[in-house]
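Enquirer: Sequence below, structure please.
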Amino acid sequence: STYAPTGTAAGAVRHDADEDGVGGGRVRAEHLQFREPVSGARVSGRPGGHRGREQVAREPDVRPGGGGDAAEAEGGERPAAHRAAAPAGCSARGPGPAGRAGAARSARGDGEEAVVDRILTRKVEESVYGMVRRNEPNPSAAGGVLSGSPLDKNGPPNPAKKGAGSKTVLYDYSNSLLDPDSAVQFRDGVRLGRPLKVNLDRLTYHARRALGRSNLNEAEDLYNRALAVDPTDGRPYIGLSRVVSRRRPTDTDTPARILRRGMRNCPDNAHIPTALAFLEERRGGLSAAEDLFRQALRNSPRHAAAWVGLGQLRTRKLMQGPAAGRACFRAAEAELVKAGEQPSSHVYTAWAGMEYRQAKDYARARELFGLAIRVDPRCSAAWLQLGVMESDRGNYDRAEDCFESILSFDRRNSRALQAYAIMESRNPDGDSRKAIGLFEKALDVNPRDAGVYQAYGLFVADCGDIDGARDLLRRGTLANKKHPAVWQAWGVLETRYGSPEDGRDIFQQGIWVVAQGSGGQSGGRRCTRLWQAWGVLEAAQGEHAAARRCFNRALDADRQNVPAITAWALMEMGLGEVDEARAIFERALRQFPSPLSEGKMALWNAYEAMETKENNASASQAVYNRSIRDSFIQPAQDSLTQPADERASGTEVPPPSKETAEDTDNFQWKVPGEG
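Expert: Numbering: from 1, shown residues only. Take a look at the predicted model:
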């Protein structure tokens, strides 16, 4: 038999559009009850208890005192006032065929009658939205929907009196023709499973656009809406952490809490631990950052960003040498091939940058940059780094071709314009006017790029315009107060061409502004270069006690800062404190894990040069022999970067940075005369 609902429109599903149209429509299902007439009763003048196909459901009458639908459910008649108010073309019990045809023609607007097979429509809706009908007796002697009362959201509708012999037809939402992971499913009016992915995609897309326009309030609202739709989607957590970081750059605790909450709700997501790892690396928690990168790779072994982050962390911050980085990049390449995915230009670019800057293997770096460009011909990062490498090698024509390639498809790339200008300023056959024009274009594209101001100011100072350089560096500190390099350049400029007092004031202002909240007295890793430059200034002025304090603060912020270690040791050697200089080198070398890294190699070379300058040939030879032995120590492989067959056999090797972290946790630099 055909059942017509007594409380809502046919299909039992309502589609409500969001107010702003973003995120698609919501599908709301209500737990409805249907009545089956007593067998043999006459309904609408038809025998057998079957309602006519043309009869449609009506919304419940909720007017005060109007018991229209409830009265009809009891077999009664609608009040006379209600019958008189019925529009033309509708009977007292509902719209007739003529009224429906007129409504269809007015809705279509073309004079043709819309023919709707309602039984087929209902069956399609049931199949698509997973509605399964089941007949159950009413839980009490009364049944049906109360006239004029809302449905109970916490369970079945409130019961009312029912006629003898009636029963309830309930809809369950369990199966669907759609993908079970993405189908809209309900049970007792409560939505089950994941919502439609397109709704989340639209919300996060508009949130990213709002964040790109620096509309933080709109972005936060959209991300919160996406989070309410599906708390197991990782994108809103990452977006909200970025909103907080943009709003309060010094606050790193709140973004970390947001990301950790996302990790609890999305335990298999690889993007959230990767984002938290980069945040921990910025905060100085290198061991925690490495653990998070490894967790991301356990969740998704082909996640390229986590492999790149882990490789760069181990080579740049943990000083584990190029071999550790190669292991990560090769593992990323192998996992992508194993997954059947396209090679990543991001992986090849980061790998080439490591070969160029740390391993000094320019041929291999050039080859890897070529692979990245072959994967993505519009990869700006690969073209830019290749151009910088060719410029450093003196291949100015090749470098110019690389920068022009970027500008051919991205004319507003401020980094490319800045690197192009620096290359022009270094080229013996370059044009200074062209370099100045490129710097000005870069500032037009991004007026708040302090790196452009720094490079522009140093170039102008080399040209002899000290006042112009001073003004550019001052503007750079106003454009981005958190940029330590522009503060350092301004302080060094004042030290050389101004007065030492002005240099001290600039270094102190820079440390106050750049200092991180969790950096302690030294201000954190970002202040390292400022403390080192200030120490060099004090040593040049003969204030050796003040210089020692500055160098100590620099190494408290970054224990592996080679310029600060070398400057301090050379100052002590110049004062005749050779034993103290040796102690500084020995303490510093213990902070660098083996094998030989670029920073550790620089320390060995400076140590050997100091002994040679002191005419101590035996000590110099001993230092050289130790450095050679150190270069042959092979790094340990962890379970993520060892070969696949070894991983399959269950071989587990502890992460190499754990021991380093344990050895250096309690280390403190000693200043002579302070105990």
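
Enquirer: Could you pull out the buried residues of the helix or strand encompassing Val243?
Expert: Secondary structure from DSSP states H and E places Val243 in helix 235-247. By neighbour count, with 16 or more other CB atoms under 10 Å as the criterion, the buried positions of helix 235-247 are 235-245. Glycine gets a C-beta too; all of them are placed from N, C-alpha and C.

Enquirer: Show me the strands in this structure, by range?
Expert: Assigned by DSSP state E, the chain shows strands spanning 13-17, 25-29, 34-35, 90-91, 94-95, 131-136, 168-173, 185-187, 190-192.

Enquirer: average model confidence for the last one?
Expert: So the one you mean is strand 190-192. When pLDDT is averaged along strand 190-192, the result is 55.

Enquirer: swap in the third one?
Expert: Along strand 34-35, the predicted local confidence has a mean pLDDT of 38.

Enquirer: thought Arg364 was touching Gln358?
Expert: No: Arg364 is beyond contact range of Gln358, at 11.7 Å (criterion: CB atoms under 8 Å).

Enquirer: ok, back up a step: does anything pack onto the helix holding Val243? Which helices or strands?
Expert: Using 3 or more CB pairs under 8 Å, 6 or more residues apart in numbering; DSSP states H and E, the elements in contact with helix 235-247 are helix 197-212, helix 216-229, helix 253-265, helix 271-283.

Enquirer: Now distance to Trp487 and mean pLDDT too, for the ones you listed, in a markdown table please.
Expert: Compiled in a markdown table, those are given as follows (distance: least, CB to CB, whole Å; pLDDT from 0 to 100):
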| stretch | distance to Trp487 | mean pLDDT |
| --- | --- | --- |
| helix 197-212 | 28 | 91 |
| helix 216-229 | 27 | 92 |
| helix 253-265 | 25 | 94 |
| helix 271-283 | 18 | 93 |
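
Enquirer: Any chance of CSV for those, columns distance to Val116 and mean neighbour count?
Expert: Compiled in CSV, those are given as follows (distance: least, CB to CB, whole Å; neighbours: other CB atoms under 10 Å):
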stretch, distance to Val116, mean neighbour count
helix 197-212, 27, 18
helix 216-229, 32, 19
helix 253-265, 43, 18
helix 271-283, 46, 23
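
Enquirer: out of the ones you listed, which comes closest to Cys463?
Expert: helix 271-283 (35.4 Å; CB to CB).

Enquirer: hmm, who's touching that closest one?
Expert: Under the contact criterion CB atoms under 8 Å, 6 or more residues apart in numbering, helix 271-283 has outside partners 234-235, 237-238, 241, 252, 255-256, 259-260, 262-263, 266, 286, 288-290, 292-293, 295-296, 299, 303, 305-306, 309, 313, 317, 516, 518.

Enquirer: List the contacts of Gln560.
Expert: Remark: with contacts taken as CB under 8 Å, 6+ apart, Gln560 is in contact with 319, 588, 591-592, 599.

Enquirer: what two of these are the furthest from one another?
Expert: Going by CB to CB, the two entries of those that are most distant from one another are Met319 and Ala588, at 11.2 Å.

Enquirer: Sitting in helices, which of the contacts of Gln560 do you find?
Expert: Judged by DSSP state H, the subset of the contacts of Gln560 located in helices is 588, 599.

Enquirer: Which one of the contacts of Gln560 is nearest to Asn625?
Expert: Phe592 (17.5 Å).

Enquirer: any idea how far that closest one lies from Ser620?
Expert: The spacing between Phe592 and Ser620, counted by CB to CB, to the nearest Å, is 20 Å.

Enquirer: Of those two, which one has the most company?
Expert: Counted by other CB atoms under 10 Å, Phe592 and Ser620 do not tie: Phe592 has more neighbours, with 24 against 18.

Enquirer: got the contact list for the nearest residue to the more buried one once chain neighbours are set aside?
Expert: Leaving out its chain neighbours, the residue that sits closest to Phe592 by CB to CB, 6 or more residues apart in numbering is Lys600, at 4.0 Å. Residues near Lys600 by CB under 8 Å, 6+ apart: 319, 589, 592, 594, 630.

Enquirer: ditto for Pro500
Expert: Pro500 sits in contact with 537, 541, where contact means CB under 8 Å, 6+ apart.

Enquirer: ok, 6 Å please
Expert: Under the criterion of CB atoms under 6 Å, 6 or more residues apart in numbering, the contact partners of Pro500 comprise Gln541.

Enquirer: Check it and give its pLDDT.
Expert: For Pro500, the pLDDT comes out at 92.

Enquirer: ok, Gln418 touching Leu443?
Expert: No: using CB atoms under 6 Å, Gln418 makes no contact with Leu443, being 9.3 Å away.

Enquirer: contacting residues for Cys402?
Expert: Contact analysis of Cys402 by CB under 6 Å, 6+ apart lists 383, 386-387.

Enquirer: quick one on the thing from earlier: looking only at neighbour counts, state which of Gln418 and Leu443 leads.
Expert: The neighbour comparison of Gln418 against Leu443 (other CB under 10 Å) goes to Gln418, with 26 against 20.

Enquirer: Show the low-confidence segments of the stretch 51-200 of the chain, by residue range.
Expert: Flagging of the stretch 51-200 of the chain using pLDDT under 70 yields the residue ranges 51-113, 122-195.

Enquirer: any idea how far Cys266 is from Arg246?
Expert: As for Arg246, its distance to Cys266 is 22 Å (criterion: CB to CB).

Enquirer: Equivalent analysis for Val452, please.
Expert: Counting by CB to CB, the separation of Val452 from Cys266 is 38 Å.

Enquirer: More neighbours: those two, which one.
Expert: Val452 (28 against 20).

Enquirer: Neighbours of the closest residue to Lys481 other than its chain neighbours, how many?
Expert: Closest residue in space to Lys481, ignoring its immediate chain neighbours: Val513 at 4.8 Å, by CB to CB, 6+ apart. The number of residues packed near Val513 is 16, by other CB under 10 Å.

Enquirer: before we move on, what about Pro377?
Expert: When neighbours are counted by other CB under 10 Å, Pro377 registers 12.

Enquirer: what about the nearest residue to Ser380 once chain neighbours are set aside, how many neighbours?
Expert: Take Ser380 and drop its neighbours on the chain: the residue closest to it by CB to CB, 6+ apart is Ile406, 5.3 Å away. The number of residues packed around Ile406, counting by other CB under 10 Å, is 24.

Enquirer: any idea how far Ile406 lies from Asp201?
Expert: Counting by CB to CB - Ile406 and Asp201 are separated by 30 Å.

Enquirer: Ala489 too?
Expert: Distance of Ala489 to Asp201, given as CB to CB: 44 Å.

Enquirer: ok, residues contacting stretch 437-451?
Expert: With CB under 6 Å, 6+ apart, stretch 437-451 has contacts from 412, 414, 417-418, 420-421, 452, 456, 476, 479-480, 483, 486.

Enquirer: ugh, typo on my part, it should be stretch 412-419
Expert: 380, 384, 388, 403, 406, 438, 441-442, 445-446, 449, 452, 455.

Enquirer: Going by neighbour count, which residues of that stretch are buried?
Expert: 413-419.

Enquirer: again, but for stretch 609-618
Expert: Across stretch 609-618, burial judged by 16+ other CB under 10 Å covers 610-611.

Enquirer: Tell me how far the spatially closest residue to Met610 that is not a sequence neighbour lies from Asp558.
Expert: Using CB to CB, 6+ apart and skipping the chain neighbours, the partner closest in space to Met610 is Met573 (5.6 Å). Distance of Met573 to Asp558, given as CB to CB: 22 Å.

Enquirer: try Ala435
Expert: 33 Å.

Enquirer: ok, now Ala359?
Expert: With distances taken as CB to CB, Ala359 is found 22 Å from Asp558.

Enquirer: and if you look at Asn215?
Expert: Summarising the geometry, the distance separating Asn215 from Asp558, computed by CB to CB, is 36 Å.

Enquirer: what does Leu530 give?
Expert: 11 Å.

Enquirer: More neighbours: the two, which one.
Expert: When Leu530 and Asp558 are compared on other CB under 10 Å, the one with more neighbours turns out to be Leu530, at 28 against 22.
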